Every structure is written in structure tokens, then in C-alpha cells.
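K.L.:
3D, please:
(one chain, ligands or ions: 1)
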Amino acid sequence: MSENSTIRIERFAPEIVDGVPTGRTDAFNLATSRGFHDGPPEADGLKTLAEIAIADGITFTAVHDDAAVAPSIHADQPVATYAAFPGTINVGGAEPVPVHQITSVTVSPTHRRRGILRTVITEDLRRAREAGMPLAALTASEATIYGRFGFGLAAERVRFELKVDRGAQLRAATTGSIVEVAPAELKNHAAAIFAAAHARTLGSVGHNHFDLGFAEGRWDDYESLKPVKNLRAALHLDAQGNPDGFVTYLFSGWKSDPYTMEIQQLCAVDGAARRELVAHLGAHDLIDKVTGRGPVDDVLPAALADSRSYKVTALGDHLWLRILDVPAALGARSYSSDGRISLLVRDDLHLVNGAWELTVSDGEPVVRPAPADLAVDASLDVRDLASLYLGATSATRLHEAGVLTVHSAGALPAMDALFATATVPYCQADF
Ligand SMILES: CC(=O)SCCNC(=O)CCNC(=O)[C@H](O)C(C)(C)COP(=O)(O)OP(=O)(O)OC[C@H]1O[C@@H](n2cnc3c(N)ncnc32)[C@H](O)[C@@H]1OP(=O)(O)O
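P.N.:
Numbers count the residues shown, from 1 in each chain. The predicted model follows:
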């Protein structure tokens with residue numbers, strides 16, 4: 001960053017003092033809004049943003065250019081923002097594991113492509129690794145940014161639409177019941193339902209405080225942070241009457257065509273809650289379509305009497321993972337078959353590069369640096385190991401893509417068997 005000699009990096013926790021966010025807290029949030037081309041939140045919105053950030057235990061990194069003078073806004077506003085907060089991710093093991101979540105990454109157009117992001121993220125990932133985080137995670141605005149920093153696509157997500165002009169008939173008998181509730185009632189249920197779904201869903205990142213307020217209709221985006229008009233909510237109760245899913249949704253309006261129920265959030269502990277909540281929206285009179293988001297291997301097409309009424313309208317990358325500690329990460333997931341593989345991992349940031357040996361015996365993984373005299377079976381970049389990690393892709397596919405090199409005859413079948421997962425990873429959370 002030689003041309004950046006006036007650049008100063010400030011790392012701090014957001015603060016509210018005497019009921020008011022501090023100047024640097026507001027300046028960070030205003031710069032982030034600007035970086036994402038949003039309008040500036042009003043004073044109460046800025047306070048809400050600070051409250052959410054504090055509740056999530058976030059750390060802000062604000063980058064300043066000390067050479068900036070008035071009339072430049074950067075005389076007193078950051079030229080770049082970056083934030084990170086701790087959470088957990090379900091990697092298919094007994095318990096979710098810690099994850100370093102990265103968000104709010106912006107660099108002003110006047111300062112882009114000068115290595116500011118590279119400097120900040122390199123330092124942050126090094127710190128996260130030193131703090132013992134096995135993984136870092138983010139959702140990306142563009143697919144071209146984070147691979148160079150070792151992030152690989154670990155879970156995709158779809159947008160779907162469901163034609164419901166004649167309702168949504170399910171093939172299976174109904175297992176539970178639906179209760180329509182005021183969104184504010186979800187204050188009593190959303191956190192527990194998010195947590196239960198998190199514990200059961202491969203690839204799930206735990207909910208944050210934005211998600212909770214979103215469920216309750218207190219806000220729906222980072223720009224307005226105002227209560228959502230006409231938001232509806234329903235709870236799914238299992239056969240014992242316990243809440244195991246919720247949905248919030250909006251009517252598209254009488255001027256729309258076709259009349260649509262747009263799912264804002266849907267969190268279900270299992271497939272029964274998911275299919276029955278969606279079918280409930282489809283059962284509304286006067287409604288022709290339901291739209292929402294879901295996993296790649298959604299239960300809906302198989303659950304519906306008319307599978308063709310379900311249509312994927314978009315498929316996109318969602319969760320990007322960065323392995324910070326190979327033994328901790330590979331040792332945390334479960335394996336459905338035994339085997340052994342040694343992998344040479346390239347890592348341009350030098351956090352985990354080297355040869356690693358994974359041995360799974362009776363389902364128990366042991367991961368260690370490969371002994372010097374052991375021939376490696378395959379080599380790949382750390383970003384591609386992240387894509388293999390939760391089963392988002394296979395070693396064979398990476399090999400066909402030309403990004404995984406095989407050194408031993410049995411490497412591909414061994415890796416495909418070891419890394420296979422029973423479900424396609426899905427991360428509902430946005431962060
Ligand atoms: C987790 C999140 O918050 S995702 C949101 C990311 N932010 C946005 O999309 C907001 C708009 N964009 C931006 O603010 C900036 O362009 C950023 C943050 C994406 C990049 O910041 P910069 O400081 O310009 O990146 P930096 O100069 O460090 O670039 C590092 C490398 O990434 C490359 N790069 C940076 N941005 C992009 C991009 N959008 N597409 C492709 N390559 C990119 C650079 O060319 C450089 O490559 P090199 O190391 O091979 O030379």
C-alpha cells in the first residue's frame with residue numbers, strides 16, 4: 001500500500017453514550033450506507049444500527065485518509081469500512097462451531113483498487129486465526145472479490161415462485177397446524193425457532209439481531225430501519241402444539257399482476273413446517289402466486305401434488321467460507337464413510353498452506369500436517385477446499401473444472417466419498 005501513506009486504520013467497538021451513538025459509530029454506519037449506494041439513515045435509524053451492531057458484538061474497522069481536507073467528505077468520514085462479529089455455523093458435526101462473520105465491506109470510489117481491502121482483510125483474517133476461529137464467512141456482493149483471499153462458495157440459495165391460483169396441494173397429510181399471529185408476537189418465538197433450525201441445517205449460520213427485528217416487523221432493510229407496513233405472520237405448530245416454524249409475508253398489492261404473497265422470512269425446523277407454512281400462503285383466496293427463497297434441494301417440488309407449480313427463478317451464490325484452521329475445520333464436520341487422503345493446500349495468505357492428512361476411521365476424523373515422507377494425493381487452493389468442505393461441490397467436479405490436481409489414482413473417489421454430505425448446504429441468514 002505504498003501510495004497509501006496517509007491511510008490510517010482504526011478498529012473499535014460501536015458505542016452508544018447517554019443514549020446517543022458516538023460520532024465515530026455514526027460515521028462508520030453512514031459511510032457503509034454510502035458505500036452500498038443507500039441513502040443516509042435518519043438519527044433514529046443510526047441509533048438502531050448501533051444497537052444492532054452492539055448486540056451482535058461487532059468490531060468496526062474504519063479506514064481514514066489523513067490527507068483528505070474539506071470540501072472532501074473524507075475530511076471527517078472514513079474512506080473504507082469493514083466489520084466482523086462472532087457467530088456459529090453448522091458444519092454437520094455434533095454442535096455448530098465458531099465462525100468469524102465479515103460484513104459492511106466498502107471502499108470509497110476515490111480510494112478503490114489501492115489495496116485497502118486487501119490490507120484490512122489480510123490483517124483481520126490473521127487476527128481471527130490467532131483468536132482461534134476455525135472459519136470465516138461472508139455473503140458477497142460480487143463473486144469475483146473474495147476467492148483471492150481464500151474464500152470459496154460453500155452454499156447456494158434459490159429464489160422460487162409457486163403458482164397457487166388453485167391453492168398448493170401437498171401430497172402428504174398435514175402434520176401440524178397454522179396460527180396467524182401479529183409479527184410482534186414472534187418476539188416470543190423467532191429466536192428459539194432460528195436456533196432449532198440452525199442446529200439441524202448443514203451450512204446454517206446463526207441468526208443475528210437484524211434477523212430478529214426483521215421477523216418482528218421492526219425493520220426490513222438497513223436503509224429505512226422503519227416498521228414494515230402490512231407485514232403478516234404465521235406460526236407453524238407441530239403435532240404437540242409446539243412452534244417449529246414461522247413465516248412473515250407481504251401482499252404485493254391490488255395494482256400488482258398476478259396477486260402475490262411475498263415471503264419475507266421463513267424459518268422452519270423441518271420439512272413439514274416448511275411445506276405447511278408455504279401451503280398456508282397458497283391457500284389464501286385471491287392470491288395467484290407465492291414467492292420466496294430457499295435451499296437448492298427444497299422439499300417443495302417433491303411435496304407438491306403439482307411439482308411444476310414450483311419454479312426456481314434464480315439460483316445464486318450465497319455463503320462463502322474461508323478455512324482458517326484445517327485440523328479444527330475438517331475435524332468438526334461428520335463423515336459418513338471412512339477413508340484417508342492427503343492434500344496439498346495452497347494459500348496465498350499463508351494461513352493454512354501446506355500438506356494435510358485427513359484420516360476417518362469409524363466415522364472419527366483425525367487431521368494432522370502430512371508427514372514429510374507421505375506422497376500427497378491431490379492439491380488444490382484453500383478456496384476450493386472451502387467449497388468441498390460442506391459438500392457444495394465434489395472433488396470430481398473441481399478436477400473437471402481444472403482447479404484440483406490429482407497425484408494418485410484413487411484420490412477422486414476417496415475424496416468424493418469422504419466429503420459427500422446427505423443434504424445440500426443451506427444458509428438462510430443474510431449478514
Ligand atoms: C462481505 C461484504 O460486505 S460484500 C460487499 C463488498 N462491497 C461492495 O461491493 C461495495 C462496492 N465495492 C467496494 O466498496 C470496493 O470495490 C471493494 C470493497 C469490493 C474492493 O475494495 P478495494 O480496496 O478496491 O480492493 P483492493 O484494492 O484491496 O483489491 C484487492 C484485489 O481485489 C481485486 N478487486 C477488488 N474489487 C474487485 C471487484 N469488485 N471485482 C473484481 N476484483 C476486485 C483488485 O483488483 C485487487 O486484485 P489484485 O490483488 O489481484 O491486484
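
K.L.:
helices or strands up against the helix or strand containing residue 412?
P.N.:
Secondary-structure element containing residue 412, defined by DSSP states H and E: helix 411-419. Contacts defined by 3 or more C-beta pairs under 8 Å, 6 or more residues apart in numbering; DSSP states H and E place helix 411-419 against strand 339-346, strand 378-381, helix 382-389, helix 395-400. Using the backbone N, CA and C atoms, a C-beta is placed for each residue, glycine as well.

K.L.:
repeat that with 7 Å
P.N.:
Using 3 or more C-beta pairs under 7 Å, 6 or more residues apart in numbering; DSSP states H and E as the contact definition, the elements that helix 411-419 packs against are strand 339-346, helix 395-400.

K.L.:
Can you check which of the ones you listed gets nearest to the ligand?
P.N.:
Proximity to the ligand (C-beta to the nearest ligand atom) singles out strand 339-346 among the helices and strands packed on helix 411-419, at 15.3 Å.

K.L.:
Of all the residues in the helix or strand just after that closest one, which ones are buried?
P.N.:
Per DSSP H and E, the first helix or strand lying C-terminal to strand 339-346 is strand 354-361. The neighbour-count check on strand 354-361 (16 or more other C-beta atoms under 10 Å) flags 355-358, 360 as buried.

K.L.:
Contacts for the helix or strand just after strand 354-361, please.
P.N.:
Downstream of strand 354-361, the first helix or strand assigned by DSSP H and E is strand 364-369. Residues from elsewhere that reach strand 364-369, judged by C-beta atoms under 7 Å, 6 or more residues apart in numbering: 326-327, 330-331, 335, 354-359.

K.L.:
same thing with stretch 197-216?
P.N.:
So stretch 197-216 is in contact with 52, 55-56, 87-90, 92, 96, 99, 101, 137, 154-155, 183-184, 186-187, 190-191, 194, 219-220, 246, 248, 265, 267-269, 319, 390, 421, 423, 425-429, 431, going by C-beta under 7 Å, 6+ apart.

K.L.:
mind checking pLDDT for residue 223?
P.N.:
With respect to pLDDT, residue 223 scores 86.

K.L.:
where's it, which helix or strand?
P.N.:
Going by DSSP H and E, residue 223 is not in any helix or strand.

K.L.:
That one and residue 77, how far apart?
P.N.:
Separation of residue 223 from residue 77 (C-beta to C-beta, to the nearest Å) stands at 18 Å.

K.L.:
Give the residue from the two that has the larger number of neighbours.
P.N.:
residue 77 (19 against 15; other C-beta atoms under 10 Å).
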